[in-house]
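Asker: Return atomic coordinates for the entry below.
(chains A and B)
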Amino acid sequence: MRWSQIFIPTLRDDPADAEAISHKLMLRAGLVRQLAAGVYSKLPLGFRASRKVEAIVREEMERIGAQEFHLPVLHPGELWKESGRWFDIGDEMFRLKDRRQGDYCLGMTHEEVFTAIARDELRSYRQLPQIWFQIQTKFRDEARPKSGVLRGREFVMKDSYTFDVDFAGLDVAFDKHAEAYRRIFARCGVRALAVQAASGAMGGSESVEFMSVSDAGEDWTVTCASCDYAANLEKATSVVSSVDDPREEPGDIEKFSTPGIRTIEALAAFDENASAQRQIKTLVYSVDDQVTLFLLRGDHTLNEVKLAEATGVANFRAATAEECREALGALPGSLGAAGIAELPIYADDALKGRRGMVTGANEDDFHLRNVSVERDLDKLQWASLREVVAGDRCVHCGNELAVQRTIELGHIFKLGLRYSEAMKLTVLNDQGREVPVVMGSYGIGIERLLAAVIESYHDDNGIVWPWSVAPFHIVVTPISLKNADAMQKAEGIYHELQKDYEVLFDDRDERPGVKFKDADLVGVPLRIVVGPKGLEKGVVELFERASQQKEDIPLDRVFDEVRACAARLAEVEPR
RNA sequence: CGGGGCGUGGCUCAGCUUGGUAGAGCACCUGGUUCGGGAUCAGGGGGUCGCAGGUUCGAAUCCUGCCGCCCCGACCA
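Answerer: Numbering: from 1, shown residues only, chains lettered A, B, ... in the order given. Modelled structure (predicted):
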């Protein structure tokens, strides 16, 4: 491709509204342009890179026996009402009406449509398992699109769905996907951590996210340096640091006056025996309109995703001060669970076995001491509620945990029967009995993966594409269009290399500096500079983008050298 | 949805406090000199200052409302 004939509008300055590195570079290198918040047009270079990623995804999906579909993006509301999600999902779904006032929506994911096809067509366990996938645009009206293509409202996703007769089959399908995902990310040059994740409103039993460590990410991932434990912060657990409790069961609960004390810190400062670790933090939420208490150690923080997992309810909010007073008789700051029998109470694991604790007395300006969790609190439901912090200990090996920002590249779910039951997708099993099909669903965000690649592969001069997803492998740069000899040699090299590689020929009438800057910005892995200086000695310059190494190559060795470089560059360790 | 910021040629920004003929650099067009890491000189084209209303003799500038975009948080099948 001649540079003069491909549209690559590079930008000299950083765009004003871009913050994330990948966002800046995608704009500057002329990969994308923004149309609206979270909506981007792919320009030729961006589209090429995107298709490279898609090709890898396609190959690896086909390797595990997946079949490619292409489903509509316009969905009848009816289908989503069947699964119930029409009502569960709020403003994040783009909804519209047709001319007859019928409900429609734009697909934010495709469980419903794939399940409907399966329901219409699958009758027997003999037709299973099936692995179906597509690479299709999704629409989600995100409350806050951000970081360019990292979180858009319209984006391309590879989504796949598996159908099995039983849960053992689902496990197989799930593992196949995990393996395919590992290969996909590795081939794109990205080191992806497989981490335990919360399933959220998706339902289902188990889910794993694939994360790339990056400051541009929005998720927090907990990892253990010594074993392979890794989990989303929303799911992560840790060993509780030990606390010096009294050996003996303390005396009876004792109420004491704490005038004006409203916070954990204030109480710790007020009473030397009430350090944060020795307090029970009582949080009150309205969970599906039911006032519910959540107990944590004073120095721990509640993670609301864990709250949702523990209660199985997505509809919750912190209770108002007034609701607290009504239910417990006191305002926040003096709340406690002692003597409360009629409200559901969830307690974090870290409170197990604790004694001699301090907590609110449900009377303003009073607290209780000598509270023993198991002795004095009724009907506790134990759960992991607290948020892990860096430095906590790993539950598997006891070593220190780290918390890092990560980009979620993919997410795989064991859906189980959630959709097949709701939408009546059944087959006859080998006993002739009608059974619901066991499903899984699996997604990879294509543009997000591309952005993650750039987050991992760039330097001060621009993008440094890994060979596998580079929109072009090589750029042939003649120094001057006026030098006939150089132009002719450059053309020759360009034509020859094109047989095996994707090559750009920078035939623009620009000064060399401009061409070099652009080539660097755009990130072409190899550059061959053809100029009079070199040709006098019978050489051209081979420049490797990643290492910035230049080497003079005799004209007759160009193809061999390129081949060697290409082979080496194709074998990069994921980062 | 809460908080903050921004909206001025294609891009990056100045001008706004204190109202008075819309600016710079880059990009673009013409010509010259240049040509191995974003050249330079001369000339030139291009802007309803986000939109609407108001105040004023006069508004990019002050006031009100709306829209859009970015950032933090909440949210995130």
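
Asker: Pop out the phi and psi values for the residue of chain A at minimum distance from RNA strand B.
Answerer: Across chain A, no residue is closer to RNA strand B than A:Gly531, which sits at 2.2 Å (CB to the nearest atom of the strand). The C-beta positions use only the backbone N, C-alpha and C, and glycine is treated the same way. The phi/psi pair for A:Gly531 (degrees, to the nearest 10) reads phi -140, psi 170.

Asker: In space, what's closest to it - neighbours in sequence excluded?
Answerer: If you skip the residues right next to it in sequence, A:Gly531 has A:Ile479 as its closest partner in space, 3.3 Å away by CB to CB, 6 or more residues apart in numbering.

Asker: neighbours of the one you found, just the number please.
Answerer: Using other CB atoms under 10 Å, A:Ile479 is surrounded by 21 other residues.

Asker: dump the residue contacts of it.
Answerer: If a contact means CB atoms under 8 Å, 6 or more residues apart in numbering, then A:Ile479 has A:486, A:512, A:529-533 as its contacts.

Asker: now with 10 Å?
Answerer: A:486-487, A:490, A:506, A:511-512, A:515, A:529-535, A:541 (CB atoms under 10 Å, 6 or more residues apart in numbering).

Asker: And the residue of chain A closest to RNA strand B, how far from A:Pro478?
Answerer: In this structure, A:Gly531 lies at 7 Å from A:Pro478, with CB to CB, to the nearest Å as the measure.

Asker: who's more crowded, the two?
Answerer: Here A:Gly531 and A:Pro478 are compared on neighbour count by other CB under 10 Å; more neighbours surround A:Pro478, at 28 against 20.

Asker: that older thread, quick check: the residue of chain A closest to RNA strand B touching A:Val476?
Answerer: No: at 11.6 Å, A:Gly531 does not count as touching A:Val476 under the criterion of CB atoms under 10 Å.

Asker: anything in contact with each of these two?
Answerer: Counting by CB under 10 Å, 6+ apart, the contacts common to A:Gly531 and A:Val476 are A:489-490, A:540.

Asker: I'd like these written out as a markdown table, with pLDDT and distance to A:Glu59 added.
Answerer: Supplementary listing: the shared contacts of A:Gly531 and A:Val476 in a markdown table, determined by pLDDT from 0 to 100; distance: CB to CB, whole Å:
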| residue | pLDDT | distance to A:Glu59 |
| --- | --- | --- |
| A:Lys489 | 96 | 36 |
| A:Ala490 | 97 | 33 |
| A:Val540 | 97 | 34 |
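
Asker: From these, pick the one nearest A:Asp289.
Answerer: Distances from A:Asp289 to the shared contacts of A:Gly531 and A:Val476, taken as CB to CB, are shortest for A:Ala490 (73.0 Å).

Asker: Now do the SS call for that closest one.
Answerer: Of the three states, A:Ala490 takes helix under DSSP: H, G, I helix; E, B strand; the rest coil.

Asker: Tell me the backbone dihedrals of A:Glu112, please.
Answerer: Comment: the main-chain dihedrals of A:Glu112 come out as phi -60, psi -50, following degrees, to the nearest 10.

Asker: so what's it scoring on pLDDT?
Answerer: According to the prediction, A:Glu112 has pLDDT 98.

Asker: Also A:Gly203?
Answerer: pLDDT for A:Gly203: 56.
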